[in-house]
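Asks: attaching a predicted model along with its sequence, questions to come.
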Amino acid sequence: MSFSYNSFWIKRIVILVSFIIVLLILWNTYTFFQRFKEEERMKMELYASAIKEMASNPDSNASFNLEIKVFDGIKNIPALAVDEEGNFIRTNNLDSIKSKDTLYLKKQLSLMKRQNDPIVIKNTGYKEYIYYRNSDLLYKLKYYPLALLLILALFLTIIYMVFKSNKIAEQNKLWTGMAKETAHQIGTPLSSLLGWIEILRFEKVNEMYVNEIEKDVDRLNIIANRFSKIGSLPDLQKNNIIHETKRVFNYLESRSSKQISFFFDTSRSNITSRISVELFGWVIENLIKNAIDAMAGKGSISLKITENSKNVIIQISDTGKGIPKSQFTNIFNPGFTTKKRGWGLGLSLSKRIIETYHKGRIFVQKSELGKGTTFEINLEKE
């Protein structure tokens, strides 16, 4: 609880600090941009004054030296000079080869008009207009905030992933602890029930009833073992897939509605694979129970086991309501459920058991709305 409370405030502080950083970056960049823009304007006005001075005193060495100094100061600012009729008079800091093309100059002039107002030089009898565009430095500065924002976004993404990872780890730890505690709590009444079963046999109670009770007690023991294995790497051992699947299938068939028909189909009696018996049985149980729910307690379930050169293939089909194709992947996400009651953990656990622990595959092989669904499991043969 303490970690969740602290992370709640830490995330908000990080968001607030990030927001302030973004504002500072944007404000400082805007300030620098305006300052540089003003400086470039002053340079161009000085350039215009030098041109006017040269026009007034063409033979003056002082004017010539002044223009050279001014040109050095604006060597990064592209500029164009045109007369009152729009004829090009001179260019500055433009591509010398492309500048011979009038179309190129017109495009540059159009760009300059959009960026800055012209500087007017009034000479005797005519006017000259100097247009210029932003220097490369100013152009780069304009997009500098975008680069910083991308870096900040990456930084926030990393922080988010760290927090999310910590949250998932905390949740996994909580679920693992609850599962192991559940297994521990179930163990105590199980031991007591085993004792009562022996007493019932001693009292000569109908053996059929005792056997059925014993089956359910064994079932509870299997469930307790499943919960105890959550959060730990299972011990995979060589087992007969046909036998283990049939055992779970028969148990669920005997305790399901008589309005559901069960069909078990295989041409083999023994196909071996390295599995955890408890966890593998859990997957088969989840898929069959989901099939029963999808059919609302009435229909047929078929389980077919085949093999190829590498894998054993288990297909579980029902005649239920089906799954939209858009949800084929989502149904394996934790919390996803179409039931009014349910946690949406069954298929998520099944996927983790098959793909993470057993290195196999589980997926929706086919489904048609109103006709049914087929799930398929592929496990590597031993």
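Replies: Done, it's in.
Asks: ranges for the strands of this protein?
Replies: Counting by DSSP state E, the chain has strands at residues 79-83, 88-92, 119-123, 126-132, 237-240, 260-266, 272-275, 299-307, 311-318, 361-368, 372-380.
Asks: domain boundaries for this protein, per the record?
Replies: If you go by automatic domain parsing, the domain ranges for the chain are 2-134, 162-207, 233-380.
Asks: ok, which of these comes nearest F227?
Replies: Nearest of those to F227, taken as CB to CB: domain 162-207 at 4.0 Å. Where you see a C-beta, it was placed from the backbone N, CA and C, and this is true even at glycine.
Asks: distance from that closest one to the middle of the chain?
Replies: Centre-to-centre, domain 162-207 and its host chain are 35 Å apart (CA atoms, centre = their mean, to the nearest Å).
Asks: also stretch 83-97?
Replies: Distance of stretch 83-97 from the chain centroid (CA atoms, centre = their mean) equals 53 Å.
Asks: now it: buried residues?
Replies: Residues T91, N92, N93 are the ones in stretch 83-97 that count as buried (16 or more other CB atoms under 10 Å).
Asks: redo the residues you listed as CSV? Include pLDDT.
Replies: Shown next, in CSV, are the buried residues of stretch 83-97 (pLDDT from 0 to 100):
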residue, pLDDT
T91, 83
N92, 80
N93, 80
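Asks: which of the domains of the chain is buried the deepest?
Replies: Burial of those is given as mean neighbour count (mean count of other CB atoms under 10 Å); domain 233-380 ranks first at a mean of 17.
Asks: any low-confidence regions in the stretch 51-200 of the chain?
Replies: Where the stretch 51-200 of the chain drops to pLDDT under 70, the residues are 53-75, 124-125, 168, 171-172, 174-181, 183-184.
Asks: show me where pLDDT drops low in the stretch 201-350 of the chain?
Replies: Along the stretch 201-350 of the chain, segments meeting pLDDT under 70 span 229-232, 334-345.
Asks: returning to that earlier point: now render the domains of the chain as a markdown table, adding distance to L141.
Replies: As requested, those are exported to a markdown table (distance: least, CB to CB, whole Å):
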| stretch | distance to L141 |
| --- | --- |
| domain 2-134 | 6 |
| domain 162-207 | 32 |
| domain 233-380 | 45 |
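Asks: which residue ranges of the protein form helices?
Replies: For the chain, applying DSSP state H gives helices covering 2-56, 61-73, 102-115, 136-202, 207-229, 241-254, 277-294, 346-351.
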